[in-house]
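Visitor: give the three-dimensional model of this entry:
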Amino acid sequence: MRGVFVANNTVYKNRAGGITAPETGISGVTIVNHAVHAGGGTRAFPAPQTGVRLGGNVDCTTIPCFANPEQRNLPPRAGSLLKGAGVYWGGAWVPREDVFGVRWSVPPLPGAFERPSGPVSLIPL
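Guide: Got it, this is the predicted structure:
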């Protein structure tokens, strides 16, 4: 895996792990500004390793970050540690708006939501 940028995702109770990456064969991978609640005893983020840049990620597995996650209301809750935790990474690949089309603050919040906005609708795969 080379030259991959992964930014501003919210993950909740994914039994396979939060944001994952192989342990070898990585070069130029950037993983920034994610809000992750890992499920099933898995890691929220890859362990620090050569070839991977990590920044602004928040592990929400043991701390409450989301408004009402069991009801798919995943924007930051009042007083969430997500506020002020993101980092700014300039570049054309950086998302300019959150999942609801709200312009990101600078620096952006970790996760897919800039502000409270209610439950998200899931699209069946």
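Visitor: got a list of what Gly86 touches?
Guide: Going by C-beta atoms under 8 Å, 6 or more residues apart in numbering, Gly86 touches Val32, Asn33, Gly56, Pro107, Pro108, Leu109, Pro110. Where C-beta positions appear, they are placed from N, C-alpha and C, glycine not excepted.
Visitor: the fourth one contacts Leu82, correct?
Guide: Which is Pro107. No. Between Pro107 and Leu82 there is no contact under C-beta atoms under 8 Å: 11.3 Å.
Visitor: comparing the two, which residue is more hemmed in?
Guide: Under the criterion of other C-beta atoms under 10 Å, the comparison of Pro107 against Leu82 puts Leu82 first, with 24 against 16.
Visitor: for that one, what are its contacts?
Guide: Listed by C-beta under 8 Å, 6+ apart, the contact set of Leu82 reads Ala35, Val58, Cys60, Cys65, Pro76, Leu109, Pro110, Gly111.
Visitor: can you map out the strands along this protein?
Guide: Ranges of strands within the chain are 5-7, 10-14, 29-32, 35-38, 52-55, 58-59, 66-68, 73-76, based on DSSP state E.
Visitor: out of the ones you listed, nearest to Val87?
Guide: With C-beta to C-beta as the measure, strand 52-55 is the member of those nearest Val87 (4.4 Å).
Visitor: list the contacts of stretch 66-77.
Guide: Contacts for stretch 66-77 (C-beta under 8 Å, 6+ apart): 10, 12-13, 35, 37, 60, 64-65, 80, 82-83, 109, 111-122.
Visitor: separation between Ala67 and Gly79?
Guide: 11 Å (C-beta to C-beta, to the nearest Å).
Visitor: between the two, who's got more neighbours?
Guide: Ala67 (19 against 8).
Visitor: what residue in the protein is the furthest from its centre?
Guide: Distance from the centre of the chain peaks at Gly25, with 22.7 Å (C-alpha atoms, centre = their mean).
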